[in-house]
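>>> requesting a structural model of the entry that follows:
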Amino acid sequence: MKEIKKVLVCGIGAVGSIYADKIEKFNPDNLRILVDKNRLERYKKNPTVFNRRVLNFNYILPEATDFKADLIIIATKFDGLQEVITNIKNFVHEGTIILSLLNGVTSEKIIAETYGREKLLYSYFIGHSAIRVGRQITHDDVNTIVYGSENEADTENVESVKIYFEKVGINFEIPNDIIHSLWQKYMLNVAANQTTAVLRMTFGELLANKKAMEFVKNICEEVQQIAKAEGVKGTDTLIDEVIEHLHTMIPEGKTSMLQDVEAGRKTEVDMFAGTIIELGKRHNIQTPYNKILKEMLDIIEESHRIKA
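As a prediction, the model looks like this:
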């Protein structure tokens with residue numbers, strides 16, 4: 001059985017900081033946070049403040065050669081994935097396990113093109129939305145990493161991560177069908193993240209608005225059709241699962257995309273609506289509701305660029 005000791009975390013935003021904080025408390029000497037020179041200078045001048053506690057990590061630059069990671073956790077935005085794939089090269093060894101907590105359903109395939117499918121486990125983050133203002137992050141510690149594999153050959157890696165998470169105190173779930181579970185999370189993001197970002201609604205406001213929820217269900221139906229065409233099992237239950245999950249969210253909570261819009265940051269619309277639109281073309285499935293959201297969010301991002 002592989003023993004996980006050394007861990008590399010890529011991205012210490014609203015999600016990555018949760019797990020970097022937990023691992024740092026468990027064993028700071030075996031944790032490194034991957035940064036480039038610009039981020040290193042920024043973090044030194046303006047460190048991350050997580051739940052009012054200043055986080056001072058052991059940072060590492062991509063060119064370093066004195067650290068080999070048993071586990072790499074990727075928690076960047078999707079538009080930073082290619083940079084991460086390049087920058088983790090020196091830290092990957094034969095037995096390294098990679099978890100990508102990125103939103104979406106494509107990051108594992110992209111990473112596997114460079115490092116091989118055998119190093120990857122499918123994974124994603126679920127939890128109450130963290131509030132991020134600049135470098136200050138507030139989170140109520142309701143969070144879980146859902147991970148697993150559809151391949152029996154990965155059983156040892158799944159178990160190794162389980163043992164490590166138990167030691168550190170990281171909440172986790174290993175579903176029977178990780179691909180179905182991954183698409184459930186993706187449907188939730190495509191429907192709720194984008195709709196709340198365009199309409200500027202909290203979870204509570206979204207759920208209380210019948211017209212908005214009808215729109216959300218239409219988005220879900222498009223994702224459901226795509227998932228079925230992609231060969232995902234159990235797609236008939238996906239929409240009900242997503243709506244049920246929405247009702248568990250804190251009413252005053254905001255999706256990460258709404259927070260991005262409010263802060264004038266780039267959103268992940270290309271990974272959400274953009275991916276669904278492209279898959280729709282591939283499978284000859286119409287995706288008019290996602291096209292509406294894509295156009296609206298593109299307009300919002302353009303307005304931010306003009307103001308900047």
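>>> what residues does stretch 253-263 touch?
Residues outside stretch 253-263 that contact it (Cβ atoms under 8 Å, 6 or more residues apart in numbering): 14, 128-133, 192-194, 196-197, 200-204, 265-269, 272, 297, 300. In short, each C-beta sits where N, CA and C put it, glycine included.
>>> for that stretch, C-alpha coordinates in PDB please.
Provided in PDB are the C-alpha atoms of stretch 253-263 (Å, rounded to 0.1, in the frame of the first residue of the first chain):
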ATOM      1  CA  GLY A 253     -24.800  31.900   0.300                       C
ATOM      2  CA  LYS A 254     -23.500  32.900  -3.100                       C
ATOM      3  CA  THR A 255     -22.100  30.700  -5.800                       C
ATOM      4  CA  SER A 256     -18.400  31.200  -6.700                       C
ATOM      5  CA  MET A 257     -19.400  32.500 -10.200                       C
ATOM      6  CA  LEU A 258     -21.600  35.200  -8.600                       C
ATOM      7  CA  GLN A 259     -18.700  36.200  -6.400                       C
ATOM      8  CA  ASP A 260     -16.500  36.400  -9.500                       C
ATOM      9  CA  VAL A 261     -19.000  38.600 -11.300                       C
ATOM     10  CA  GLU A 262     -19.300  40.900  -8.300                       C
ATOM     11  CA  ALA A 263     -15.600  41.200  -7.900                       C
END
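>>> buried residues in it?
Residues of stretch 253-263 classed as buried: 253-261 (neighbour count, 16 or more other Cβ atoms under 10 Å).
>>> ok, stretch 210-228 next?
In stretch 210-228, residues buried by neighbour count (16+ other Cβ under 10 Å) are 212-213, 215-216, 219-228.
>>> pLDDT added to the residues you listed, as a markdown table?
Below are the buried residues of stretch 210-228 laid out as a markdown table (pLDDT from 0 to 100):
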| residue | pLDDT |
| --- | --- |
| 212 | 98 |
| 213 | 98 |
| 215 | 98 |
| 216 | 98 |
| 219 | 98 |
| 220 | 98 |
| 221 | 98 |
| 222 | 98 |
| 223 | 98 |
| 224 | 98 |
| 225 | 98 |
| 226 | 98 |
| 227 | 98 |
| 228 | 98 |
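>>> tell me the secondary structure at residue 73.
Classification of residue 73 by DSSP: H, G, I helix; E, B strand; the rest coil places it in strand.
>>> any low-confidence regions in the protein?
128-131, 139 (pLDDT under 70).
>>> do that again at 80, thanks
For the chain, residues meeting the criterion pLDDT under 80 lie at 48, 50-53, 55, 127-142, 308.
>>> just checking, residue 187 touches residue 224?
Yes. Counting by Cβ atoms under 8 Å, residue 224 is a contact partner of residue 187 at 7.1 Å.
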